[in-house]
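Enquirer: Need the 3D shape of this:
(one chain, ligands or ions: 1)
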Amino acid sequence: MCSQYTKYLLEIYLKNIYIYANPLQYLKDNTMVTETKIESIDDLISDFSRFYILTILYEGPAHGYCILSRFKKRVKKEVSPSLVYPFLQQLEEKGMVKHTVKPVGEKERKVFELTEEGRELCTGLFKRFADLVSIAIKPSLYVCAHCGCKVYEGGYREVIEGKETTFCCMHCAHSFKETKNLAKKAAQN
Ligand SMILES: [Zn+2]
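Expert: Model prediction:
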């Protein structure tokens, strides 16, 4: 398991995703968005921070401060408001995001949400990202010997009958051994 390497690969993929990906790919089912619009949006979304802001917006409406704190919580890194606010504004100018002013606590805040167009953009980006991630993690995937699910991090290993066997979890290992024992007993009878 070389998760450092996977992380490194992911970073490279993230940096290059917008350069290598063909913007026309996700235009097929998205007739509302013009080609020029997509190209300039691709320029905008040029790094991980912006990509991550989109994932936060995709989950639902959020005000600026909320985006900042969610970002910090999940990425374990601060994102500068001087990146977030202009990006939101750019997205709004492109018709990908709209805002409404709502009272949050004692203050009035701009609550941002993705437009229909913005959601479609995100769906397209996430699809591309998922494809690249699955390429990046494939070499380190293994399959649980009991349930057959794919595991790419953690998992559970146990030596069974002299052979190191991999499982998704200890419960699967337990069931695996039980099944084996039952089979043995059946063979003895
Ligand atoms: Zn399993």
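
Enquirer: Could you tell me which residues of the chain lie near the ion?
Expert: Counting by Cβ under 5 Å from the ion, the chain comes close to the ion at 144, 146-147, 168, 172. In short, each C-beta sits where N, CA and C put it, glycine included.

Enquirer: Report the two of the residues you listed separated the most.
Expert: For those, the farthest-apart pair by Cβ to Cβ is His146 and Cys168; their separation is 7.7 Å.

Enquirer: helices and strands around the helix or strand where Leu68 lies, which ones?
Expert: In this structure, Leu68 sits in helix 64-75 according to DSSP states H and E. Applying 3 or more Cβ pairs under 8 Å, 6 or more residues apart in numbering; DSSP states H and E, one finds that helix 64-75 makes contact with helix 48-59, helix 81-93, strand 107-114.

Enquirer: Heading C-terminal from the last one, find the next helix or strand.
Expert: In this case it means strand 107-114. Moving toward the C-terminus from strand 107-114, the next helix or strand (DSSP H and E) is helix 116-137.

Enquirer: what helices or strands is that following helix leaning on?
Expert: When contacts are defined as 3+ Cβ pairs under 8 Å, 6+ apart, helix 116-137 sits against helix 3-20, helix 48-59.

Enquirer: weakest of these in terms of mean pLDDT?
Expert: Ranked by mean pLDDT, these bottom out at helix 3-20, with a mean of 54.

Enquirer: give me every residue that touches Lys98.
Expert: 92, 112-113, 115 (Cβ atoms under 8 Å, 6 or more residues apart in numbering).

Enquirer: Got phi/psi on it?
Expert: phi -130, psi 160 (degrees, to the nearest 10).

Enquirer: Please look at Tyr142 and Val151 and confirm they touch.
Expert: Yes: using Cβ atoms under 8 Å, Tyr142 is in contact with Val151, at 5.7 Å.

Enquirer: For the closest residue to Val104 other than its chain neighbours, which residues are in contact?
Expert: Nearest residue to Val104, sequence neighbours excluded (Cβ to Cβ, 6 or more residues apart in numbering): His63, at 5.8 Å. His63 is in contact with 102, 104, 109-112, counting by Cβ under 8 Å, 6+ apart.

Enquirer: hmm, back to that, rounded mean pLDDT for the helix holding Leu68, please.
Expert: Averaging pLDDT along helix 64-75 yields 91.

Enquirer: now stretch 177-189
Expert: Across stretch 177-189, the average pLDDT comes to 87.

Enquirer: Restricting to C-alpha, output that stretch in PDB.
Expert: Output in PDB follows, covering the C-alpha atoms of stretch 177-189 (Å, rounded to 0.1, in the frame of the first residue of the first chain):
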ATOM      1  CA  LYS A 177     -13.200 -18.600   8.600                       C
ATOM      2  CA  GLU A 178     -16.700 -19.800   9.700                       C
ATOM      3  CA  THR A 179     -17.600 -20.800   6.100                       C
ATOM      4  CA  LYS A 180     -14.300 -22.700   5.900                       C
ATOM      5  CA  ASN A 181     -14.900 -24.500   9.100                       C
ATOM      6  CA  LEU A 182     -18.400 -25.500   8.100                       C
ATOM      7  CA  ALA A 183     -17.200 -26.800   4.900                       C
ATOM      8  CA  LYS A 184     -14.500 -28.800   6.700                       C
ATOM      9  CA  LYS A 185     -17.100 -30.300   9.100                       C
ATOM     10  CA  ALA A 186     -19.400 -31.100   6.200                       C
ATOM     11  CA  ALA A 187     -16.500 -32.900   4.500                       C
ATOM     12  CA  GLN A 188     -15.700 -34.900   7.700                       C
ATOM     13  CA  ASN A 189     -19.300 -36.100   8.200                       C
END
